[in-house]
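Enquirer: How does the following fold in three dimensions:
(2 chains)
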Number of protein chains: 2
Amino acid sequence: MLNDLFAQRVNPDVPSALSGLFPQDTDPRAISFAAGSPNESLFPVAAMQTAFDTAIAQTGAHLFQYQTAQGNPDLRAKLAARIGKWGQVATTADNVVLTVGGQQAIELVAKALLNVGDEVAVEVPTYVGALAAFDLYQPTYHAVPLQADGLDLDRLEETLKRHPRIKLLYTVPDYHNPTGITMSVAKRRELVALANRYDFIILEDSPYRDLGYEHAPLPAIKSFDTEGRVVFVSSLSKILMPGLRTGWLVADGDLLAAIMRVRLASDLETGNVVHAAIDAYLDANDLDAHIAALKTSYREQCAAMVHALAAYFPDDISYTQPAGGFFYWVTLPKEIDAAALLENTVIPQAHVSYVPGTNFYPDRDVHNSLRLCFTGLTPAVIDAGMHRLGDAVKGAVRGVKPVV
Amino acid sequence: MLNDLFAQRVNPDVPSALSGLFPQDTDPRAISFAAGSPNESLFPVAAMQTAFDTAIAQTGAHLFQYQTAQGNPDLRAKLAARIGKWGQVATTADNVVLTVGGQQAIELVAKALLNVGDEVAVEVPTYVGALAAFDLYQPTYHAVPLQADGLDLDRLEETLKRHPRIKLLYTVPDYHNPTGITMSVAKRRELVALANRYDFIILEDSPYRDLGYEHAPLPAIKSFDTEGRVVFVSSLSKILMPGLRTGWLVADGDLLAAIMRVRLASDLETGNVVHAAIDAYLDANDLDAHIAALKTSYREQCAAMVHALAAYFPDDISYTQPAGGFFYWVTLPKEIDAAALLENTVIPQAHVSYVPGTNFYPDRDVHNSLRLCFTGLTPAVIDAGMHRLGDAVKGAVRGVKPVV
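Expert: Here you go, the predicted structure:
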């Protein structure tokens, strides 16, 4: 059997955290709240077309030669300045690494840190892509619950006391995927103090930080870092376009060197041409003005979804109150399995889809929650889809409750 | 110590196989035979600029959205047809995966197959980037020597008999990096038979296969594959431009599924925009005509180097006779350490550089060889640099020989 030659990390008995997330529904009435994709009608296509042209014209042949593993220095300088301005992180181009989306940045940090069995703390629920990346290195997980203002630090500290060898904590502090929750500034500061005290590294994954619908971005956790223990990760996928496959990380000292070492061995370098085009785009356009336009649109879509949650869903459910980002997180009564509901009722009858919550938990032990993304649809379509979904959920809730 | 939190794979006591390969020499007379970069004066820049423009104009916003993890289907179909035509591999777009250069393809195969301590056979010397990628998964290596017609299959079979758990063999069959050697067709066929008999997977890495200066490309090892045991890897870096960061692999069945699983977790997907531009380039241009122009130039450069090896180097050295690709491999008398010679004499006095051979051996136990790349320099500059290098080598050989 050829399969016997595969590494343990691809054990077919344990499906990937990224598998089965986006069910297909080819019905013409289908409305999907599943994929966390940005709205492509808002993409600055013409400006980027010009930027590719400019970048190639300016640099010529050398643009297409092997370059450096860290990536385009001008773009790195702009990103360093950006996280300085909007996240209070004092850093320079030398500490920035361009990656294939935020996903590669997460994978590189996992690769630089994790031996088989190493202990990792994650907030739950958490980003499925991060779990998939960590899973490649077969860690032991410790799940820490989220509160309305972010990670429950008391529970984290209890966990650290019981498991002092935890070496990595993963968090999405801004408009969290999948819940939309944002970590308070006080908790950001305290989290760094815990990392210093209990000797672990924080992986701060913040692709949505610029997309706040109520207030300016908060200081990054990295801004409180005193010992080079925080790796900050972000991406242009949500604020510019995901097809550019451009993420980035900020790290310091030996940790940066360790990340660069595994990066070089993984793919040598990435995306010169695209990175030069993005740099040219940023020279010729105001990214913050583009982000303001995104926020105007997404804010309305976000409002349409919460309106629909209040209007069409039964009282027995609860949901988060995101102030930015892409997602709502809905918790159904305990008895309802969101994956079964999706497959048996919501897709075939309501022609609506969402991502069931189970894969957002490393132990896959919670089944009554679901993620809804609002960014791809107009307010009217959101309303129509949520009405159908709300009815389906009402039916399911009635089905599990005794009739009085 | 933060370093105590790093994974074993970044053990600072063992430098990366990719470290220290390209010494800097800022002297204006400096001539480098080190980096294996294609000649950027031959890059089809204007055609690619048009291709980016065409691709963006044709597809618009959706080009910049999340796409598929395997990559642009049109480009995959073209690459499948190409390796059918030039390598006799019967395959389709469904079996092709686009990657970040060939490097990521190698890393993904290693990731899909290797647990810590798993046994890997490599020809020696071998590509340093492959060793760096394998090193991430901490295998046990078995080194198998090369002959003038490729891997020594008798020695390989002896090794397989002694180490029946070898699960992966890595080979560069066409114009091998670093030696320029090409594996005979008979050996390709026999290697697949060995893989079937001894139950291992072959990673066939063939970025130079189109750059033969004497004959058409040979059938790929993959063309003899009867059990889906061969993963074929190639790249557009050497025949088009490395800054496109576009490699590809061909794999089958469960092995393809395993590779895709680790790929998705590693970076989700790569390079939509660039892949669409390459596809547009291939629609509008004749890649084989471009390759013919590359070969005309590289053939002359290759001849200039072998002429200089014969003219300026002492009789005590030996060198390979490549019929294509980028490299010559020079073996010095056993007593001469090529790295020390480079650092102490060749760079400071002759202002020439090469890559010392040690890192091309997994055990780093051979020190008297060096790799020379001829693609970046004109025949006249090759001649001048080789003259200086030959004189330096003559001096070193005199230094270690008793004066008669």
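
Enquirer: If we ignore the residues flanking it in sequence, what's nearest residue A:388?
Expert: Spatial nearest neighbour of residue A:388, excluding adjacent residues (C-beta to C-beta, 6 or more residues apart in numbering or on different chains): residue A:350 at 4.0 Å. (Each C-beta comes from the backbone N, C-alpha and C, glycine too.)

Enquirer: which ones are touching that neighbour?
Expert: By C-beta atoms under 8 Å, 6 or more residues apart in numbering or on different chains, the residues touching residue A:350 are A:388-389, A:391-392.

Enquirer: try 10 Å
Expert: Going by C-beta atoms under 10 Å, 6 or more residues apart in numbering or on different chains, residue A:350 touches A:25, A:29-31, A:342, A:385, A:387-393, A:395.

Enquirer: In strands, which of those residues fall?
Expert: residue A:31 (DSSP state E).

Enquirer: from the contacts of residue A:350, which has minimum pLDDT?
Expert: Ranked by pLDDT, these bottom out at residue A:25 (84).

Enquirer: From what I see, that one and residue A:351 are in contact.
Expert: Yes - with contact defined as C-beta atoms under 10 Å, residue A:25 reaches residue A:351; the gap is 5.9 Å.

Enquirer: if I look at these two, which residues touch both of them?
Expert: Common neighbours of residue A:25 and residue A:351, counting by C-beta under 10 Å, 6+ apart, are A:31-32.

Enquirer: still on that earlier bit, return the distance of the residue nearest to residue A:388 relative to chain B.
Expert: 24 Å (C-beta to the nearest C-beta, to the nearest Å).

Enquirer: Could you check how far that residue is from residue A:342?
Expert: 10 Å (C-beta to C-beta, to the nearest Å).

Enquirer: and for those two, which residues touch both?
Expert: Residues touching both residue A:350 and residue A:342 (C-beta under 10 Å, 6+ apart) are A:389, A:392.

Enquirer: ok, and the closest non-adjacent residue to residue A:104?
Expert: residue B:267 is the one closest to residue A:104 (C-beta to C-beta, 6+ apart), at 4.2 Å.

Enquirer: tell me, what residue is most central in chain A?
Expert: Closest residue to the average C-alpha location of chain A: residue A:177 at 5.0 Å, with C-alpha atoms, centre = their mean.

Enquirer: So which residues on the stretch 251-400 of chain A come close to chain B?
Expert: Residues of the stretch 251-400 of chain A lying near chain B by C-beta under 10 Å from any C-beta of the partner chain: A:252-255, A:257-262, A:264-277, A:376.

Enquirer: for the residue nearest to residue A:104, phi and psi?
Expert: Dihedral pair for residue B:267: phi -160, psi 20, per degrees, to the nearest 10.

Enquirer: Assess the claim that it and residue A:267 are in contact.
Expert: Yes - using C-beta under 10 Å, residue B:267 is in contact with residue A:267, at 8.3 Å.

Enquirer: Quick check: residue A:65 touching residue B:36?
Expert: No - at 11.8 Å, residue A:65 and residue B:36 do not qualify as touching, with contact defined as C-beta under 10 Å.

Enquirer: Next, show the common contact partners of the two.
Expert: Any residue near both residue A:65 and residue B:36 by C-beta under 10 Å, 6+ apart counts here, and that gives B:237, B:242, B:376.

Enquirer: Pull the contacting residues for residue A:303.
Expert: Residues near residue A:303 by C-beta under 10 Å, 6+ apart: A:213, A:374, A:379, A:382.

Enquirer: what's the residue nearest to residue A:104 in contact with, if anything?
Expert: Applying C-beta under 10 Å, 6+ apart to residue B:267 gives the contacts A:99-108, A:129, A:133, A:245, A:247, A:266-267, A:270, B:69, B:99-100, B:104, B:108.

Enquirer: Now a PyMOL select for only the buried ones of those residues.
Expert: The buried subset of those, as determined by 16 or more other C-beta atoms under 10 Å in any protein chain shown, is captured in PyMOL by this line:
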select buried, (chain A and resi 99+100+101+102+103+104+105+106+107+108+129+133+245+247+266+267+270) or (chain B and resi 69+99+100+104+108)
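
Enquirer: Check which residues of stretch A:205-222 are buried.
Expert: Under the neighbour-count criterion of 16+ other C-beta under 10 Å, stretch A:205-222 has A:205-213, A:217-218, A:220-222 buried.

Enquirer: same question but for stretch A:4-15, I mixed them up
Expert: By 16+ other C-beta under 10 Å, the buried positions in stretch A:4-15 come out as A:5-7, A:9-10.

Enquirer: With stretch A:294-313 instead?
Expert: Quick answer for stretch A:294-313 (16+ other C-beta under 10 Å): A:294-295, A:298-299, A:301-302, A:304-306, A:308-309, A:312-313.

Enquirer: quick one on the thing from earlier: now the buried members of the shared contacts of residue A:65 and residue B:36.
Expert: Buried members of the shared contacts of residue A:65 and residue B:36, scored by 16+ other C-beta under 10 Å, are B:237, B:242, B:376.

Enquirer: what's the nearest residue to the second one once chain neighbours are set aside in contact with, if anything?
Expert: Right, residue B:242. Of all residues not flanking residue B:242 in the chain, residue A:66 sits nearest, at 4.8 Å (C-beta to C-beta, 6+ apart). Shown in contact with residue A:66 (C-beta under 10 Å, 6+ apart): A:268-269, A:272, B:35-38, B:40, B:101, B:237, B:241-243, B:245.

Enquirer: so residue A:66 is in which element?
Expert: Assigned by DSSP states H and E, residue A:66 belongs to no helix or strand.
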